[in-house]
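Trainee: one predicted model, sequence on top.
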Amino acid sequence: MKQPDVCLSLVAANEVGEMISDVLLEQDDIVRRFGTHAIDAHGSRVGFTSVSEHVRGRAQRVKFELLMANEDTPRILDALRERLPSAEITYWVTPLLAYGRLE
């Protein structure tokens with residue numbers, strides 16, 4: 001496995017979170033592990049999926065963070081586009097300046 005040099009972040013509606021996890025787990029040759037956490041999305045372009053989200057003014061989303069080689073990000077994004085064509089998934093890639101384990 002290549003040394004990770006980027007963090008790929010994905011944000012999507014909770015309803016597609018499990019499907020995204022499945023796609024990522026199928027890419028085990030380039031994604032060894034990833035983290036997820038619940039977030040609240042804010043902004044004028046956020047699509048609310050329920051009346052309660054609209055009233056609260058924020059939408060519940062799931063965020064995925066993957067440490068990986070930048071050259072493999074197109075493969076992950078293509079797999080997500082293929083398997084979840086109608087899912088609104090926001091993504092961004094940030095450089096990874098350091099990576100390691102404290103032991």
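Mentor: Good, I have the coordinates.

Trainee: the bottom helix or strand of this structure by mean pLDDT?
Mentor: helix 51-56 (a mean of 56; mean pLDDT, DSSP states H and E).

Trainee: list the buried residues of the helix or strand that that helix is followed by.
Mentor: Per DSSP states H and E, the first helix or strand lying C-terminal to helix 51-56 is strand 59-68. In terms of neighbour count (16 or more other CB atoms under 10 Å), strand 59-68 has its buried residues at 59, 60, 61, 62, 63, 64, 66, 67, 68. Every residue, glycine included, has its C-beta placed from N, CA and C.

Trainee: how deep is the nearest residue to the last one once chain neighbours are set aside tucked in, by neighbour count?
Mentor: With CB to CB, 6 or more residues apart in numbering as the measure, residue 4 is the residue that lies nearest to residue 68, at 5.3 Å, once sequence neighbours are left out. Applying the criterion other CB atoms under 10 Å, we find 16 residues in the vicinity of residue 4.
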